[in-house]
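Peer 1: Sequence first, then the predicted structure:
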Amino acid sequence: MRQDIAAPLRDGQQGALLPRNSRTKRLPGLTVVAAAVAIAWLIHSLAPVMPFLTASVMLGILSANLPGISTAVEGVLKPGLVLSAKRFMRLGIALLGLKLSLIDVAALGWKTLAIVVGIVLLTFVGTLVLGKALKLPGDQPLLLATGFSICGASAIGAMSGVTKTDHRDTVVPIALVTLCGTLAIAVLPALKGPLGLDTVQFGYWVGASVHDVGQVVATAQTAGAASLAVALVIKLTRVLMLAPMVTGAALVGRLRRRRTTKGTDDAGIKLPPLIPLFVAGFMAMIVLRTLGILPPVVLDVAGTVQDLLLAAALYGLGASVQVRSLLQTSGRAIITAMLSWGLIAALAFVGVHFI
């Protein structure tokens, strides 16, 4: 099965060398992805409390576990789903940079910026240590740490692209960060009163602790426009950490690869790039947004395209989640995720009182 799944990716790298029938194998999966994205958009339109990207992940999980559909997901639809999960994710992350302006980040002030960066780093390290202490397999500790500390499923997709993690190994972190982010939409507003947070403090807390941008919007808007505005700026500041964190992981990967190949004939061995192309694109988009040279209509269109690309990618990732296997084999990952969620919520709550 692994060979069948990897084939579409190799085909995609060869471009024009592809046989026509290999490219057409992706069409059924891509057609279903497009339909699922449309349905997710409709769900979000009818129930705005459900973020668009969260709806896409959940539809993917349903597709992988409903009788009948699940067979097609593992069969004829697989090539298109894999392409969506890999390529669309990278394109969407690059365009995500257009939502970030360094001017808005600088306006927070050095103290707030330092607190937000501290929350991200402490959550990342804490989750990584927890995952390793609980002996989670493979890259799960790293992916969970990235998702919970930065920006949820999008960050997991970015990090897995650098570490070359098989997309099937990302399903547990994706599922858990989506679950916790969705729970936050209901849990955090209920705690606003008991914790004595005013509207602005609540926005800070949500922006610093909730994972996905859409989940931040759904959670913060319950306290009004002022809370939402603050939450978005804080959240996008966390997203800014994606580039250095992923680049750092790429650097560690290069150093490890050099160490393991030292003293051997490493001719033909390709080291992972220090700055992956999609991360370079992400940083370039941040610069464009900061310079203010793009008209609002271009930013609006790019924002819509970015949402659609990430929704398609997350549907593809969600379609890899087998709920029965997740429940049977991921008890330690669930414990790690819940502890990480509690850690970032606690750190953000403390940080609110120093901002």
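Peer 2: Everything's here; your move.
Peer 1: rest of the way, CA atoms for contacts and neighbours
Peer 2: OK.
Peer 1: Just give me the neighbour total for T146.
Peer 2: Per other CA atoms under 10 Å, the neighbour tally for T146 reads 33.
Peer 1: What is the helix or strand where it lies packed up against?
Peer 2: Taking DSSP states H and E as the criterion, T146 maps to helix 140-146. Applying 3 or more CA pairs under 8 Å, 6 or more residues apart in numbering; DSSP states H and E, we find helix 140-146 packed against helix 110-133, helix 152-163, helix 171-192, helix 331-352.
Peer 1: how about the first one: buried residues?
Peer 2: Using 16 or more other CA atoms under 10 Å as the burial criterion, the residues of helix 110-133 that qualify are 112-113, 115-117, 119-132.
Peer 1: ok, now the third one?
Peer 2: Residues of helix 171-192 classed as buried under the neighbour-count rule (16+ other CA under 10 Å) are 171-182, 184-185, 188-189, 192.
Peer 1: And L108, its phi and psi?
Peer 2: phi -70, psi -30 (degrees, to the nearest 10).
Peer 1: how about S84, what does it touch?
Peer 2: L30, V33, A312, A313, G316 (CA atoms under 8 Å, 6 or more residues apart in numbering).
Peer 1: for V217, same thing?
Peer 2: Counting by CA under 8 Å, 6+ apart, the residues that V217 touches are P51, L228, A231, L232.
Peer 1: Let's see which of these end up in helices.
Peer 2: Residues of those located in helices (DSSP state H): L228, A231, L232.
Peer 1: any chance of these in a markdown table, plus neighbour count and pLDDT?
Peer 2: Shown next, in a markdown table, are the ones in helices among the contacts of V217 (neighbours: other CA atoms under 10 Å; pLDDT from 0 to 100):
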| residue | neighbour count | pLDDT |
| --- | --- | --- |
| L228 | 24 | 87 |
| A231 | 29 | 92 |
| L232 | 21 | 89 |
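Peer 1: now, which of the residues you listed sits nearest Q201?
Peer 2: A231 (9.2 Å; CA to CA).
Peer 1: quick one: contacts for that closest one?
Peer 2: Contacts of A231 (CA under 8 Å, 6+ apart): G203, Y204, W205, V206, G207, A208, V216, V217, A220.
Peer 1: what about 10 Å?
Peer 2: 200-210, 213, 216-217, 219-221, 225, 237 (CA atoms under 10 Å, 6 or more residues apart in numbering).
Peer 1: Among those, name the buried ones.
Peer 2: Counted by 16+ other CA under 10 Å, those give 200-210, 213, 216-217, 219-221, 237 as buried.
Peer 1: V233 reaches G109, doesn't it?
Peer 2: No: using CA atoms under 10 Å, V233 is not in contact with G109, being 12.0 Å away.
Peer 1: Compare neighbour counts for the two and give me the winner.
Peer 2: Ranked by neighbour count (other CA under 10 Å), V233 and G109 place V233 first, with 22 against 11.
Peer 1: Give me the residue at the spatial middle of this protein.
Peer 2: S154 (1.7 Å; CA atoms, centre = their mean).
Peer 1: Show me the helices in the stretch 1-150 of the chain, by range?
Peer 2: 2-14, 20-24, 27-46, 52-65, 69-73, 78-83, 89-96, 102-107, 110-133, 140-146 (DSSP state H, counting those that start in this stretch).
Peer 1: Just tell me which of the ones you listed ends up closest to S160.
Peer 2: Per CA to CA, nearest to S160 of these: helix 140-146, 7.1 Å.
Peer 1: How far does the closest one sit from its chain's centre?
Peer 2: On the basis of CA atoms, centre = their mean, to the nearest Å, helix 140-146 is displaced by 11 Å from the centre of the chain it belongs to.
Peer 1: do stretch 187-194 as well
Peer 2: For stretch 187-194, the distance to the chain centre is 25 Å (CA atoms, centre = their mean).
Peer 1: Other residues contacting it?
Peer 2: 180-181, 184, 195, 197-199, 201-202, 205-206, 209-210, 219-223, 345.
Peer 1: 8 Å instead, please
Peer 2: D198, F202, V206, T219, A220, T222, A223.
Peer 1: Give me the subset of these lying in helices.
Peer 2: Using DSSP H, those in helices are F202, V206, T219, A220.
Peer 1: Let me have these in CSV, extended by pLDDT and distance to L96.
Peer 2: Shown next, in CSV, are these (pLDDT from 0 to 100; distance: CA to CA, whole Å):
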residue, pLDDT, distance to L96
F202, 95, 24
V206, 95, 20
T219, 90, 20
A220, 90, 20
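Peer 1: now, which of those sits nearest L62?
Peer 2: Lowest distance from L62 to these (CA to CA) belongs to T219, with 23.7 Å.
Peer 1: count of neighbours near R257?
Peer 2: 16.
Peer 1: Local confidence estimate at D11?
Peer 2: On the pLDDT scale, D11 is placed at 41.
Peer 1: which residues does the residue lying closest to G157 once chain neighbours are set aside contact?
Peer 2: Spatial nearest neighbour of G157, chain neighbours left out: M89 (6.5 Å); criterion: CA to CA, 6 or more residues apart in numbering. The contact partners of M89, taken as CA under 8 Å, 6+ apart, are S154, G157, A158, L309, L310, A312, A313, L314.
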